[in-house]
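Engineer: this one's structure only:
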């Protein structure tokens, strides 16, 4: 319920829709009752399963894909702590936590931008024409 409330940002209408769709999923109503949907081989790959069979529950599908697409390793955390230790020095010891967060955010985005430019990617403007 905490995740649902955070995801919907307090929108009770969206929460209700997701709960209704979750009940359809749990009680195996509609497409969720078909044997192909319950196939154990397909159930192993959560993201692909929700992309394939979750269209009849679009709100729940978006939430499930968002949750299942999160990384499960500690590398991003380690990278963030490393950046934090580069910025947090004796001279900058009195910075407020909010300022530290902003500096880490800026440093990370600048690093990402440099990597993108090194690899030769260019911003392409898309138009309808």
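Structural biologist: Cool, got the structure. Only a predicted model underlies this, so the values are computations on that prediction, with no experimental measurement involved.
Engineer: so what's residue 18 up against?
Structural biologist: Taking C-beta atoms under 8 Å, 6 or more residues apart in numbering as the criterion, residue 18 is in contact with 4, 7-8, 59-60, 63. Heads up, the C-betas are built off the backbone N, CA and C, glycines and all.
Engineer: Read off the pLDDT value for the residue nearest the centre of the chain.
Structural biologist: Nearest to the geometric centre of the chain sits residue 66, at 4.3 Å (C-alpha atoms, centre = their mean). At residue 66, the model reports a pLDDT of 85.
Engineer: The one 4 residues further on now?
Structural biologist: At residue 70 the predicted local confidence, pLDDT, stands at 77.
Engineer: distance of it from residue 64?
Structural biologist: The span separating residue 70 from residue 64 equals 11 Å under the rule C-beta to C-beta, to the nearest Å.
Engineer: now swap in residue 74 and tell me
Structural biologist: 23 Å.
Engineer: From residue 99, how far out is residue 47?
Structural biologist: When residue 47 is compared with residue 99 (using C-beta to C-beta), they lie 37 Å apart.
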